[in-house]
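Asker: what shape does this take:
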Amino acid sequence: MKFETVMKLFSFPKLALLALASIIALHTEPLPASTIEQTRIERIAFGSCADPQESLAIFDTITQENPDIFVFLGDNVYAEDESDDPELRSLREAYDALGDSPAFQELSAKVPLYATWDDHDYGLNDAGEEFRHKAASERLFETFWKIPPGDPSVA
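Answerer: Reported below is the predicted structural model:
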């Protein structure tokens, strides 16, 4: 599959604005400053709505296209309704399944990843600040994406 085809699959209205917000918002494993100064970013891949229970072969295709960075635009995993589970078991299992995916592992080994936190990443569809397990799901998100404590991108 051509890179342009992949990009069309992940096209969204206002994609540029979302991409900028994603890069500025939450990020994972930042490149050292010396690397950033020497790195020219020319190819950015975008995606969202990754269901680890489904095929994640799209990540193989994206990796083959050699993007400079990959931006997860939210709904990075899907879990069962977590409204009554303070342990967030289903959400943990979804992150484990994504992390165990060979296609995701190869992508994350070769490409810097940036991720935004959306409703399904909370563990409840259309959840907002009223979600009572928000703090726990945010910690789980930060742990999975290796966002260090106190990172200024997390407000």
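Asker: off-centre distance for stretch 86-102?
Answerer: In terms of Cα atoms, centre = their mean, to the nearest Å, the centre of stretch 86-102 is found 13 Å from the chain centre.
Asker: ugh, wrong one, stretch 132-152
Answerer: Centroid separation between stretch 132-152 and its chain, computed with Cα atoms, centre = their mean, is 12 Å.
Asker: and the end-to-end length of it?
Answerer: 24 Å (Cα to Cα, to the nearest Å).
Asker: for this protein, what spans make up the helices?
Answerer: Secondary structure of the chain (DSSP state H): helices at 3-9, 15-24, 33-38, 58-64, 89-100, 102-110, 119-122, 134-144.
Asker: for the protein, where's the lowest mean pLDDT among helices and strands?
Answerer: helix 3-9 (a mean of 48; mean pLDDT, DSSP states H and E).
Asker: any idea how far D68 lies from P52?
Answerer: 25 Å (Cβ to Cβ, to the nearest Å). To be clear about C-beta, it is placed using only N, CA and C from the backbone, and glycine gets the same treatment.
Asker: buried residues in stretch 102-120, which are they?
Answerer: Within stretch 102-120, the residues that count as buried by 16 or more other Cβ atoms under 10 Å are 103-104, 107-108, 111-118, 120.
Asker: now stretch 63-76
Answerer: Across stretch 63-76, burial judged by 16+ other Cβ under 10 Å covers 63, 65, 67, 69-76.
Asker: closest to R92 among those residues?
Answerer: N76 (13.5 Å; Cβ to Cβ).
Asker: got the contact list for the closest one?
Answerer: Shown in contact with N76 (Cβ atoms under 8 Å, 6 or more residues apart in numbering): 48, 50, 98, 115, 118, 120-121.
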